[in-house]
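In: Return a 3D structure for these sequence lines:
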Amino acid sequence: MDKWQPIDTAPQTSPSERILVTDGCNCFVAWLSEDKYQGWIYGVDGSSGVNYAQECCPSHWLPLPEPPK
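Out: Numbering: from 1, shown residues only. The predicted structure is shown next:
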């Protein structure tokens, strides 16, 4: 999958699953909130959990690529 997909087709499985999302202007690495009805959030993960998180309203998504080795 190399093209942006509509957000309603994004995986909605686990809050630990990260995807790349866009709202048409910005791109974020985001995950589904613990309560999936609250929507998508993005933030900075720290070793002891999320340091901050903010809601976003993406329109499209892509899977994250594999990290470099």
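In: tell me the secondary structure for the residue nearest to the spatial centre of the chain?
Out: Nearest to the mean C-alpha position of the chain, counting by CA atoms, centre = their mean, stands Ala30 at 2.0 Å. Using DSSP: H, G, I helix; E, B strand; the rest coil, the structure places Ala30 in strand.
In: who's in contact with it?
Out: The contact partners of Ala30, by CB atoms under 8 Å, 6 or more residues apart in numbering, come to 18-21, 40-42, 56, 58. (Glycine included, C-beta is placed from N, CA and C.)
In: One more pass at 7 Å, please.
Out: Ala30 makes contact with 19, 21, 40-42, 56, 58, according to CB atoms under 7 Å, 6 or more residues apart in numbering.
In: Which ChimeraX command selects the buried ones in those residues?
Out: Listed next is the ChimeraX selection for buried residues among the contacts of Ala30, using 16 or more other CB atoms under 10 Å:
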select :19,21,40,41,42,56,58
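In: which one of the contacts of Ala30 is nearest Glu66?
Out: Nearest to Glu66 among the contacts of Ala30: Ile19, at 13.7 Å, using CB to CB.
In: ok now stretch 15-32, how far from the chain's centre?
Out: Its chain's C-alpha centre and that of stretch 15-32 lie 3 Å apart, by CA atoms, centre = their mean, to the nearest Å.
In: Kindly report the same for stretch 33-40.
Out: The answer for stretch 33-40 is 11 Å, by CA atoms, centre = their mean.
In: end-to-end on it?
Out: 6 Å (CA to CA, to the nearest Å).
In: so after the worst-scoring helix or strand of the chain on mean pLDDT, what's the next helix or strand?
Out: Using mean pLDDT, DSSP states H and E, strand 49-56 stands out as the lowest-scoring helix or strand of the chain, at a mean of 71. Following strand 49-56 in sequence order, the next helix or strand is strand 60-63 (DSSP states H and E).
In: Within its sheet, name the partner strands of that following strand and how each one runs.
Out: strand 5-6 (antiparallel), strand 19-22 (antiparallel) (DSSP bridges).
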